[in-house]
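> need the 3D shape of this:
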Amino acid sequence: MNCADFPRVMTSVAEKRSLPEVLDSIVNGIAACSKVACARIWLLGAGDLCATCRMRTECPDQTRCLHLVASAANSADDQVFSIVDAKFRRLPVGIRRIGKIAESGQPLVEANLTGGEEWLIDGEWVRNEKVSTFAGHPLIFHGEILGVLAILDREAFTAVDLDWLRIFANHAAVSIANARAFEEIAYLKERLQEENNYLREEVTTALGFGELIGESAALRHVLRQIELVAESDATVLITGESGTGKELIARALHQRGTRRDRALIKVNCGAVPETLFESEFFGHVKGAFTGALRDKPGRFEMADGGTLFLDEIGEVPLALQAKLLRVLQEQEIERVGDTRSRKLNVRVITATNRNLKAEVEAGRFREDLFYRLSVFPIEVPPLRDRREDIPRLAEHFIRSSARRLNSRRSPRLTAPVARQLAAYDWPGNVRELQNAVERAVILAHGGPLEFDMLASPKTPPPSHPAAGPSPILTRAELKERERESIVAALAQSRGKIHGPNGAAALLGMKPTTLASKIEVLGIARKPSTTPAPDSLEATTGKVVR
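The predicted model follows:
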């Protein structure tokens, strides 16, 4: 091998921190040595190219193999040995010389090469370059085989060359392990930062209630279900009308479970653009697509060890549902643009106001994913089915609204008004009640509470003639219908999103969800030219005076 410059190369390798830099320093340093024709590194990894791999027929289990991660050639035809164009980017453990070194953990030297050896990748190149020796050494760190360092040399190896190869391979294994440790530290630091940012957002946008309030039979039934399943890791599907408090049920499941000390990460599937679903769920690596300026963990990684709450699960595109099912089954994700799989330990809770069984029958939701998500279904009753809880909920919202609005005195809920509240059907459920109470507290100014919707006579639903089967709409048609509905609601509410008469209440969805959909669909929201004194600003929730 004749390389007196090995000490300088080892020093250069030790100074590197990222894994790609370490690997490039190793192979380029060796390839710069006199008489070395080529240097390569394979590292052990999961099987990821099995469908197109040339070695598939020889691979014993197709789960773990050697990945070519670095290559350098001291040749005029060095492109032959580049990683991108490599004919054998993956090698099974135990197959050919490289695979046998990884299996046995022992170095191997083959002398007097002719180019006709069947185990050589490119015998013609070996003959043209007058290569005479193959030498391979396992990369071992703390007894674990990380991969193989292989060299093709134009001269025979001496005992001194073998000693240098052993020393260099051991040094390289330490540098590779250190680089991976630095990557893991950077990843954990990044994930912690993402979790902190997420939790700060959650605190800022938290709902005005933090506990399940009420004593109705319907609510007690839900609480019993929560107690039954909370301490398990079973997947829970929470169903119910919009505004019934499905997110609150998810929080209760997390807080009463064994993962209460870890994060509860929330994803509103209805607010994620279709093109960004995979990145939002699984994360991406730097350069995976335009705008990916750095590595970013997805929500599954942020929830590792904790709970992931997928709200509006029925909005997940059909194409992504297969990937989501695999993650739920394997507890393993792969970032967009990455080839490395990451094991996870996540409990998944989902929620929807759709009839997922009907979605399955219509072909818009995978049946196998539905059964995987609904291991333990919990149906949250609408507020009209637990009317006895309405006065207590109203009193709670009155106190919390008064605190947020810095009112000196909390308005009193009289018995006649409480009976009126309990008699109202509340089509927007708990969310509508909360918004109505906040509006009434703002208008009260220390006086009696008044709820304008209670004075409005109920309009009977329009009668429609019996219709035939509903037409089947494409996803593009569904989006256009949704856009038309949102535009109509904004026009009726004069551009107001929040509040009992806002567009969100008219559409029966969360204001935050509506705001996201407005942005995704590119809808221009024209503000009212004569805003009501009690209207709420869409993004901050402050009173517009």
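> list the contacts for residue 172?
For residue 172, the set of contacting residues under the criterion of C-beta atoms under 8 Å, 6 or more residues apart in numbering consists of 13, 22, 26, 41, 139, 149. All C-beta spots, glycine's among them, are computed from the backbone N, C-alpha and C.
> I'd like to know which of those residues is nearest to residue 410.
For residue 410, the nearest member of these is residue 22. The distance, counting by C-beta to C-beta, is 63.4 Å.
> if I look at that closest one, how far off is residue 372?
From residue 22 across to residue 372, the span is 40 Å (C-beta to C-beta, to the nearest Å).
> of those two, give the one with the bigger neighbour count.
Neighbours were counted for residue 22 and for residue 372 using other C-beta atoms under 10 Å; residue 22 has more, 24 against 17.
> A helix includes the more buried one, no?
Yes. Residue 22 sits within a helix when classified using DSSP: H, G, I helix; E, B strand; the rest coil.
> what about residue 99, how many residues nearby?
Count around residue 99 with other C-beta under 10 Å applied: 22.
> you'd agree it is up against residue 90?
No. Under the contact definition of C-beta atoms under 8 Å, residue 99 does not touch residue 90, with a separation of 10.3 Å.
> next, show the common contact partners of these two.
Shared contacts of residue 99 and residue 90, defined by C-beta under 8 Å, 6+ apart, comprise residue 66.
> lowest average confidence, helix or strand, in this structure?
helix 452-455 (a mean of 66; mean pLDDT, DSSP states H and E).
> so what does the helix or strand following it touch, helix or strand wise?
Proceeding N to C from helix 452-455, the next assigned helix or strand is helix 475-492, under DSSP states H and E. Counting by 3 or more C-beta pairs under 8 Å, 6 or more residues apart in numbering; DSSP states H and E, the packing neighbours recorded for helix 475-492 are helix 503-507, helix 511-521.
> I'd like those as a markdown table, with distance to residue 217, mean pLDDT and mean neighbour count appended.
Listed next are the helices and strands packed on helix 475-492 as a markdown table, based on distance: least, C-beta to C-beta, whole Å; pLDDT from 0 to 100; neighbours: other C-beta atoms under 10 Å:
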| stretch | distance to residue 217 | mean pLDDT | mean neighbour count |
| --- | --- | --- | --- |
| helix 503-507 | 27 | 83 | 25 |
| helix 511-521 | 30 | 80 | 18 |
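> next, format these as CSV and append distance to residue 122.
Putting these into CSV (distance: least, C-beta to C-beta, whole Å) gives the following:
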stretch, distance to residue 122
helix 503-507, 64
helix 511-521, 51
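> so for residue 37, which of these sits nearest?
Across the helices and strands packed on helix 475-492, the minimum distance to residue 37, taken as C-beta to C-beta, is reached by helix 511-521, at 55.2 Å.
> off-centre distance for stretch 44-53?
23 Å (C-alpha atoms, centre = their mean, to the nearest Å).
> how long is it from one end to the other?
End-to-end distance for stretch 44-53, by C-alpha to C-alpha, to the nearest Å: 16 Å.
> give me the neighbour count for the nearest residue to residue 434 once chain neighbours are set aside.
Counting by C-beta to C-beta, 6 or more residues apart in numbering, the nearest residue to residue 434 once its immediate chain neighbours are dropped is residue 397, at 5.0 Å. Other residues near residue 397 come to 23 when the count uses other C-beta under 10 Å.
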